[in-house]
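Asks: requesting a structural model of the entry that follows:
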Amino acid sequence: MTSTPPATAHQHDQTTNTTNSSSFHGCCCRLFLLLSSFLILFIVAAILVIFLAVKPQKPHFDLQKVVFQYMGISAVTTTQSAATVSLIIHMFFVATNENKVGIKYDEFWFTVMYRGIPLGRGAVPGFYQPAHNVRLVETTIVVGQVNLIQANAAYMLGEASLNDRVALRVVGDIGARIQILGLTSPRVQVSVDCTITFSPTRQTLMSKQCVFDGLSV
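Replies: Take a look at the predicted model:
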């Protein structure tokens, strides 16, 4: 009859080696997780220190100039309570970056409205603005024979014929991100809300009033 103790001892050695190997791998995993957590915390802390050091601010936009290339208002012949509006407006904004770091802008749009009714939109392609930089931003809004009905049409026709003035509202939400050492901040938003009054007969701007993020300028 064959003796079994040597086989049992060999199995015991294998079990011991497996246990030691598992313990070693488990220790390495815990050490890796600890180092990874420390590295992540260090990176987050470094980013916070950098942001606090540069004190990033939102970019500032100012409506510099408005040019009316064309403006047309006409009553619809089939009814006295409707009118069509056609216009082409060129708007020039000055974007100022007073930060110590650059700003990356997403593509954004300006919408022209009359008494709360959207008439048309103008796009501004995304761009990068370096630190301490002032840049001219241009957009063109084209409105092609948009119909106004009832009270809005009568109001615009009255403004144009009696007072030679029409007030439009231009709004836009500008998305921007601060860039520091190749890192990009979460998206911040700058709101622009301008009221422009112009003369249809002279095709000229009479007045403008803008509000940027709740601040009137």
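
Asks: do a quick rundown of the strands in the chain.
Replies: 60-75, 82-97, 102-105, 108-114, 117-124, 127-129, 133-149, 166-180, 183-184, 188-199, 204-212, 215-216 (DSSP state E).

Asks: what angle separates the fifth one from strand 166-180?
Replies: It refers to strand 117-124. For strand 117-124 against strand 166-180, the angle by axes from the mean of the first three to the mean of the last three Cα atoms, to 10 degrees is 40 degrees.

Asks: strands paired with strand 117-124, and their directions?
Replies: Applying DSSP bridges, strand 117-124 is found paired with strand 108-114 (antiparallel).

Asks: care to break this structure down by domain?
Replies: 1-54, 60-216 (automatic domain parsing).

Asks: quick one: mean pLDDT for the shortest one?
Replies: Averaged across domain 1-54, the pLDDT comes to 58.

Asks: what of the last one?
Replies: The average of the pLDDT scores along domain 60-216 is 84.

Asks: out of the strands of the chain, nearest to residue 159?
Replies: strand 166-180 (5.1 Å; Cβ to Cβ). (C-beta placed from N, C-alpha, C; glycine too.)

Asks: packing partners for that closest one?
Replies: The contact analysis (3 or more Cβ pairs under 8 Å, 6 or more residues apart in numbering; DSSP states H and E) places strand 166-180 against helix 5-54, strand 60-75, strand 102-105, strand 108-114, strand 188-199.

Asks: gap between residue 113 and residue 95?
Replies: 22 Å (Cβ to Cβ, to the nearest Å).

Asks: looking at the two, which is more packed in?
Replies: Ranked by neighbour count (other Cβ atoms under 10 Å), residue 113 and residue 95 place residue 95 first, with 21 against 14.

Asks: which ones are touching the more buried one?
Replies: By Cβ atoms under 8 Å, 6 or more residues apart in numbering, the contact set of residue 95 is 59, 60, 61, 129, 134, 135, 136, 137.

Asks: just give me the closest of those to residue 195.
Replies: Closest to residue 195, out of all of the contacts of residue 95 and judged by Cβ to Cβ, is residue 61, at 15.1 Å.
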